[in-house]
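> Quick one, fold the following:
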Amino acid sequence: MKKPKKLYLHIGTHKTGTTYLQSVLIQNRVNLLRQGFLFPRSGIESPTTHHCMLAARFLSEKDFRAFGVLTPLRLLLPPNKEFHWDKLMGEINQSPSHSIILSSENFSLINNLQPLKERLSGFNVKIIIHLRRQDKFYGSLYNQLLKTPFTGIHTTLNEFVQDRQLEGDSYQSILDRWSNAFGKSNMIVKPYEREQLDDGLLSDFASTIGFKTKSFLGVNSKHNISLPRHAIKFIQLIKKSSITESILLNKEIGTFLYELSKKPSIEKSNSTLPAPLAVEVNNFHAAENEYIAKEYLNRNDGKLFYSPNPKEDASSEDIENTSNEELINEIVAPLLLRLTSKNEALSTKIINVRAIKPLLIKIFSPPKLFTYAIKVYLYARCDRLKLVLFKLKNRVSP
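Prediction:
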């Protein structure tokens, strides 16, 4: 009897370096094939690099909405719901590889695993899952969903965390669900933190599966970089204003925010949440994490994560405490100059940022401020800007 091929199913979870891993894997498909590992093209929907369409086959609209996605990928599925899986099986059958790697964080959202289990019945399946400490997970997830248009995220960070804790799928429920379906012995659970990934995420993933990364492309690439708090506050206000969220898709604005995310931050914290909130979150999940450490990692001490908890009285900056002046200095004024920089004549009219900042701060509350900022951008290609600035000065004249 022919020995079944191994199938490594990497199911996330979200915000654990999945985009980076998937990007590296797809760039190095040929290298992987030489080593006997197939990272299939089937089920990958451009511009993503993960097998989102394979996971979407088994996701309900409720599963998607529970994660905050308002346009389910399942709506993109062809009438034949098995199309992508049939295509995958054909690709596997034609490949001489001994092992297959499938990766999508959306697999972790599936509630009913029986149909997926039946689909994979001809393989020796191993489930790989990474878990990020909950305070860091919530902060990173909020950051991503907020900066992405049309995700339905308009709440504050505190409200978002509370909603996720009450309605979100816990790590324990995800692990138990997959363990019941595929067997605990087939579960490979990995805490996602530097203290437990000595040589980095890719090296740990490769050693777990058994391939070598020598001469791999894209190893040093970065994805989904977090925004600083004043940029998060800026996007919060845009989403609360009358401006359409599609403005976040503007290339210049996107580039500006990306460059902000690459700047070194002076905020030093062991969490992406304010310290008091991070402590509250970690205490809430303490029993769950102890259970996972003992049950799935055989750790008698019950420690799932090794990085120290933030101290409740540690200095940390709350997004909600970002001042209007800071928003003007760090976001609005530089962004206005960037958006108008292609028009040299216009740039000379507003180059005196020091003169404009006090006007903006004095006149507008934050939502109106950003509505106005975008209006200035829309006027940027015409002579009306001079008139706008003139009216501004008249409004603050004694």
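> where does residue 112 land in three-state SS?
Classification of residue 112 using DSSP: H, G, I helix; E, B strand; the rest coil returns coil.
> How about residue 44?
Of the three states, residue 44 takes coil according to three-state DSSP.
> do you know how far it is from residue 16?
According to C-beta to C-beta, to the nearest Å, residue 44 stands 19 Å off from residue 16. Yep, even glycine has a C-beta here, placed from its N, CA and C like the rest.
> Between the two, point out the one with more neighbours.
Neighbours were counted for residue 44 and for residue 16 using other C-beta atoms under 10 Å; residue 16 has more, 24 against 20.
> correct me, but the more buried one touches residue 136?
No. The pair residue 16 / residue 136 is not scored as a contact, 9.8 Å apart, by C-beta atoms under 8 Å.
> does residue 203 sit in a helix or strand, and which one?
Using DSSP states H and E, residue 203 maps to helix 201-209.
> which helices and strands does that helix pack with?
With contacts defined as 3 or more C-beta pairs under 8 Å, 6 or more residues apart in numbering; DSSP states H and E, helix 201-209 has these neighbours: helix 18-27, strand 124-131, strand 187-191.
> If we use 10 Å, what do you get?
Packing partners of helix 201-209 (3 or more C-beta pairs under 10 Å, 6 or more residues apart in numbering; DSSP states H and E): strand 6-10, helix 18-27, strand 99-103, strand 124-131, strand 187-191.
> which other residues reach the following helix or strand past the second one?
I take that to be helix 18-27. Scanning forward in sequence from helix 18-27 by DSSP H and E, the next helix or strand is helix 29-34. In this structure, residues lying in contact with helix 29-34 by C-beta atoms under 10 Å, 6 or more residues apart in numbering are 24-26, 28, 37-41, 95-97, 99, 101, 206, 209, 211-217.
> Please repeat the previous calculation with a cut-off of 6 Å.
Helix 29-34 is contacted by residues residue 39 when judged by C-beta atoms under 6 Å, 6 or more residues apart in numbering.
> which parts of that helix are buried?
Under the neighbour-count criterion of 16 or more other C-beta atoms under 10 Å, helix 29-34 has 31, 32 buried.
> pull the CA atoms of it into CSV?
Taking C-alpha atoms only, helix 29-34 is exported to CSV below (Å, rounded to 0.1, in the frame of the first residue of the first chain):
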residue,chain,number,x,y,z
ARG,A,29,8.2,27.3,-4.4
VAL,A,30,10.9,26.0,-6.8
ASN,A,31,13.5,25.7,-4.0
LEU,A,32,10.9,23.9,-1.9
LEU,A,33,10.0,21.5,-4.7
ARG,A,34,13.7,20.5,-5.1
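> average model confidence for that helix?
Average pLDDT, helix 29-34: 96.
> the inter-axis angle of the helix holding residue 203 versus strand 124-131?
150 degrees (axes from the mean of the first three to the mean of the last three C-alpha atoms, to 10 degrees).
> Just want the angle from helix 201-209 to strand 187-191.
Going by the same axes, to 10 degrees, helix 201-209 makes 160 degrees with strand 187-191.
> Tell me the buried residues in helix 201-209?
Neighbour-count burial for helix 201-209 [16+ other C-beta under 10 Å]: 201, 202, 204, 205, 206, 209.
> tell me the angle of it relative to helix 18-27?
Here helix 201-209 points in a direction 70 degrees away from that of helix 18-27 (the same axes, to 10 degrees).
> elements contacting the very next helix or strand once past helix 201-209?
From helix 201-209 onward toward the C-terminus, using DSSP H and E, the following helix or strand is helix 229-240. Applying 3 or more C-beta pairs under 6 Å, 6 or more residues apart in numbering; DSSP states H and E, one finds that helix 229-240 contacts helix 366-378.
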